[in-house]
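Trainee: Provide a 3D model corresponding to the input given below.
(one chain, ligands or ions: 1)
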Amino acid sequence: MKGLLLVVMIIFMLTISNINPFHSSTNLAVAVNNEMIMSNATVLSTDDIKDQLKQLEGWTEKDGKLHREFQFNSFVEAFGFMSSVALVAESMGHHPEWCNVYNRVTIDLTSHDAGGITNKDLELAQKANELANK
Ligand SMILES: C[C@H](O)[C@H](O)[C@H]1CNC2=NC(N)=NC(=O)C2=N1
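Mentor: Alright, predicted model coming up:
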């Protein structure tokens with residue numbers, strides 16, 4: 001009887017102290033999940049960006065953002081490129097800062113939520129290059 005009372009007391013103490021052994025796995029899962037979400041939005045180091053830019057034709061880092069200027073044969077081609085990039089950006093939930101003057105499109109990429117350049121920016125830059133070369 002005393003043993004049962006002790007077990008009940010321990011469970012009660014753990015419950016009110018928020019150390020709940022039955023849900024810790026859920027808490028851990030949430031923590032891991034948050035880390036996974038955050039890992040997508042992790043700001044890259046200068047060295048990492050330099051390394052990645054070697055495989056990213058035409059892109060540079062300018063004012064803390066990925067930067068590239070595209071030139072097309074016409075305004076219509078430039079606008080078509082922008083339309084394609086816009087659809088990709090929307091599907092990613094990640095959007096460019098850009099400007100269009102006649103047949104030229106200037107794109108700057110940064111992750112506003114994260115406060116710097118992340119893998120999402122590299123991904124969108126690569127996809128923009130693929131669309132420009134189509
Ligand atoms: C709610 C919405 O998905 C977020 O605000 C997205 C939208 N597009 C975005 N685009 C960019 N470049 N950075 C962001 O942090 C960002 N956040």
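Trainee: can you give me the end-to-end distance of stretch 47-58?
Mentor: In stretch 47-58, first residue to last residue: 18 Å (Cα to Cα, to the nearest Å).
Trainee: buried sites along it?
Mentor: For stretch 47-58, burial by neighbour count (16 or more other Cβ atoms under 10 Å) applies to Ile49, Gln52, Leu53, Leu56. C-beta: built from backbone N, CA, C; applies to glycine.
Trainee: same check on stretch 114-127?
Mentor: Quick answer for stretch 114-127 (16+ other Cβ under 10 Å): Ala114, Gly116, Ile117, Thr118, Asn119, Lys120, Asp121, Leu122, Leu124, Ala125, Lys127.
Trainee: what two of those are the furthest from one another?
Mentor: Gly116 and Lys127 (19.6 Å; Cβ to Cβ).
Trainee: pLDDT weak spots in the chain?
Mentor: Residue ranges of the chain with pLDDT under 70: 10, 13-40.
Trainee: show me which residues of it are close to the ligand?
Mentor: Within reach of the ligand by Cβ under 6 Å from any ligand atom, the chain has these residues: Gly93, His94, His95, Ser111, His112, Asp113.
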